[in-house]
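Novice: With the sequence up front, the predicted model follows.
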Amino acid sequence: MKFVVDAHLPFRLCELLVAAGHDCVHTTQLPDGNRSADVTLIQLAVAEGRVLVSKDADFYYAYLTGRESFRLLLVRTGNLRSAALIDLFGRHLEEILQALSSHSLVELHSIGPRACR
């Protein structure tokens, strides 16, 4: 699966996804880095079939307006240390992937993923 990870999440998340065999781009790797506009990330997700991974509610609202059709993994864990977030992803990665295979919106909570749409 292909992912693009927003600036609000650690680069280590990309490393975890790549280690698990997935294609992942973090905003730090884009031309504008962590200053990349939201629309740029959405366009990248659409153009390359990537799942957009973010904590930013703006992406949720963009998803709901439906102007662009993209898959979104919305991280709703509150403030977690990077290590705890990486551990959460690692423990639930198969569930996350399964949910994303049949849903375009998945929320990740501190107890695991929840498919929404």
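Specialist: Cool, got the structure.
Novice: In a helix, Ala7, correct?
Specialist: No: the secondary structure assignment for Ala7 gives coil rather than a helix, going by DSSP: H, G, I helix; E, B strand; the rest coil.
Novice: What does the pLDDT read for the residue nearest to it when sequence neighbours are not counted?
Specialist: Closest residue to Ala7 apart from its sequence neighbours, by Cβ to Cβ, 6 or more residues apart in numbering: Asn34 at 3.8 Å. Using the backbone N, CA and C atoms, a C-beta is placed for each residue, glycine as well. Predicted confidence (pLDDT) for Asn34: 92.
Novice: could you list every residue that touches Asn34?
Specialist: Shown in contact with Asn34 (Cβ atoms under 8 Å, 6 or more residues apart in numbering): 7, 27-28.
Novice: now, which of those residues sits nearest Leu88?
Specialist: Proximity of the contacts of Asn34 to Leu88 (Cβ to Cβ) peaks at Ala7, which lies at 18.9 Å.
Novice: Could you report the separation of that closest one from Leu85?
Specialist: Ala7 sits 14 Å away from Leu85, taking Cβ to Cβ, to the nearest Å as the criterion.
Novice: neighbour count winner among the two?
Specialist: Relative neighbour count places Leu85 above the other of Ala7 and Leu85, with 21 against 18, counting by other Cβ atoms under 10 Å.
Novice: residues in contact with that one?
Specialist: Under the criterion of Cβ under 8 Å, 6+ apart, the contact list for Leu85 reads 9-10, 13, 75, 77.
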